[in-house]
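Asks: Generate a structure from the sequence data that follows.
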Amino acid sequence: MAQIVSHWTSYFASSGAFLPLGGLLSPQNIGFRLPGQDLFGGTYLNQLYSAAWGLCPISLVANRNVMRAAGIPRLESPMTLDAFRECCERIGKIGDNAPVGAAPDREAPAAFGLWYTPGLENDYLSIYTFLQAFNGEFVDESGNLRFDSPENVAGFCWLRNFVSRARVFVSDIFTIRRQFAANRIGFISDGPWVKYLMEEATGRPFAENFQVLLNPVQANAMTQSWTYNHAVAICSQSRNTLHAARFVEALTGDPELSLWYSTRTGILAPNKDLLGAQEFKDEFFSTYREQLRHARAIDARNPMFERAMVLCVDAVRKILFESADIRKELAEKQYYLKMLYYD
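Replies: Numbers count the residues shown, from 1 in each chain. The predicted structure follows:
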């Protein structure tokens with residue numbers, strides 16, 4: 001068996017490391033899954049190779065304590081990008097009203113935590129929801145690379161302006177989460193596992209200190225997201241394929257087990273019939289369920305997807321931190337991505 005994030009599926013399946021799941025999982029297991037948010041993410045060459053055991057849409061999370069310190073009484077869900085930027089500007093002014101002659105408040109919180117660990121795919125995927133706010137995407141529904149699209153150009157322009165003007169804390173996700181739990185960051189983007197991570201860090205119920213919000217949008221647009229699903233696959237060297245299939249069937253399909261796992265990790269059950277269960281009707285789960293409705297698995301069906309992320313991450317670095325010309329940078333990367341994907 002292997003546990004992976006679903007967008008790694010094509011890389012391993014193309015090398016022969018995984019067995020197709022068709023015929024190994026029951027029709028009932030396949031039937032209760034969401035096509036765009038789940039099955040699509042585990043597909044390679046039109047066959048299913050991995051199955052989600054937890055659905056993980058990425059959404060915006062706010063620190064209530066930082067919001068109170070910034071004088072922000074209420075947050076819309078979703079906010080417009082303008083409203084989100086205004087909130088970040090207000091957070092950036094915390095400490096500005098110190099008495100005359102006082103030293104500047106070096107402990108004022110950052111507005112947003114930006115994932116950045118050079119070389120990791122998350123440096124690109126962590127900003128993906130902001131590109132989606134401009135209808136940007138990596139690959140369109142027809143499988144065409146869209147890295148240099150006008151929508152992505154607009155999204156990167158907004159992001160660079162935001163990063164240069166807002167008080168942004170740039171670090172790896174683990175440090176960002178610790179800072180967020182300590183009231184040092186106002187907003188982060190994260191998956192539903194954030195609930196129990198924050199409760200463990202603070203020792204308090206999630207809702208006392210934090211709030212989940214749908215991803216920001218342009219005016220009159222629909223919120224969007226992608227799913228960072230936890231998935232399981234059967235390794236091709238398995239000598240007990242049927243036993244492995246039964247394990248996947250139970251792990252991902254048993255209602256009692258799915259509810260137990262979801263309510264202890266925050267990760268949404270892959271069974272769409274369970275998403276309406278009473279356990280998922282509080283503010284936290286309701287928001288993530290709504291975000292899931294407006295999410296889809298990122299198109300990672302090409303076995304070169306992981307290598308393509310190296311080029312995308314390099315573009316993020318040059319655009320956000322080295323002032324590269326956005327159109328030229330995206331066009332150059334599109335050229336190399338096409339060579340990687342299609343040659």
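Asks: switch to C-alpha atoms for all contacts and neighbour counts from now on
Replies: Will do.
Asks: can you map out the strands along the stretch 51-200 of the chain?
Replies: 51-54, 59-63, 110-115, 168-171, 185-190 (DSSP state E, counting those that start in this stretch).
Asks: who touches the second one?
Replies: Think strand 59-63. Here strand 59-63 makes contact (CA atoms under 8 Å, 6 or more residues apart in numbering) with 180, 183, 185-191, 209-216, 225, 288, 291.
Asks: Quickly list the domain ranges of the chain.
Replies: 2-56+228-296, 59-95+106-226 (automatic domain parsing).
Asks: So for Tyr336, which of those sits nearest?
Replies: Nearest of the domains of the chain to Tyr336, taken as CA to CA: domain 59-95+106-226 at 10.7 Å.
Asks: mind checking which of the domains of the chain is nearest Ile326?
Replies: domain 59-95+106-226 (6.5 Å).
Asks: for that closest one, the distance to its chain's centre please.
Replies: Put simply, domain 59-95+106-226 sits 10 Å off its chain's centre (CA atoms, centre = their mean, to the nearest Å).
Asks: Keep only those of the contacts of strand 59-63 that are in helices.
Replies: The helices, defined by DSSP state H, take in 180, 209, 288, 291 from those.
Asks: coming back round to it: can you select the buried ones from the contacts of strand 59-63 in ChimeraX?
Replies: Filtering those down to the buried ones (16 or more other CA atoms under 10 Å) takes a single ChimeraX command:
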select :180,183,185,186,187,188,189,190,191,209,210,211,212,213,214,215,216,225,288,291
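Asks: mind saving the C-alpha coords of stretch 333-343 as CSV?
Replies: Output of stretch 333-343 as CSV, limited to C-alpha atoms (Å, rounded to 0.1, in the frame of the first residue of the first chain):
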residue,chain,number,x,y,z
LYS,A,333,8.0,28.9,-18.8
GLN,A,334,5.1,28.0,-21.1
TYR,A,335,7.6,27.3,-23.8
TYR,A,336,9.6,24.9,-21.7
LEU,A,337,6.4,23.3,-20.2
LYS,A,338,5.2,22.5,-23.7
MET,A,339,8.6,20.8,-24.5
LEU,A,340,8.3,18.8,-21.2
TYR,A,341,4.6,17.8,-21.7
TYR,A,342,4.3,17.3,-25.4
ASP,A,343,7.7,16.4,-26.9
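Asks: pLDDT of it, averaged?
Replies: Stretch 333-343 comes out with an average pLDDT of 93.
Asks: what's the answer for stretch 123-139, then?
Replies: pLDDT averaged over stretch 123-139 gives 96.
Asks: residues in contact with it?
Replies: For stretch 123-139, contacts defined as CA under 8 Å, 6+ apart pick out 58, 114-117, 145-147, 149-152, 154-156, 159, 189, 215-218, 223-226, 298-299, 309, 312-313, 316.
Asks: In the stretch 201-343 of the chain, where is pLDDT below threshold?
Replies: Counting by pLDDT under 70, not a single residue of the stretch 201-343 of the chain qualifies.
Asks: any idea where the strands of it begin and end?
Replies: 210-213, 225-226, 230-233, 295-296.
Asks: TSV for those strands, including distance to Gln28?
Replies: Listed next are those as TSV, based on distance: least, CA to CA, whole Å:
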stretch	distance to Gln28
strand 210-213	32
strand 225-226	25
strand 230-233	17
strand 295-296	21
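Asks: Out of the domains of the chain, which gets nearest to Ala331?
Replies: Nearest to Ala331, of all these, is domain 59-95+106-226, at 5.2 Å by CA to CA.
Asks: Distance to Met339 for the domains of the chain - can I get that in CSV?
Replies: Listed next are these as CSV, based on distance: least, CA to CA, whole Å:
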stretch, distance to Met339
domain 2-56+228-296, 17
domain 59-95+106-226, 11
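Asks: returning to that earlier point: and of the strands of the stretch 51-200 of the chain, who's closest to Pro205?
Replies: strand 59-63 (12.9 Å).
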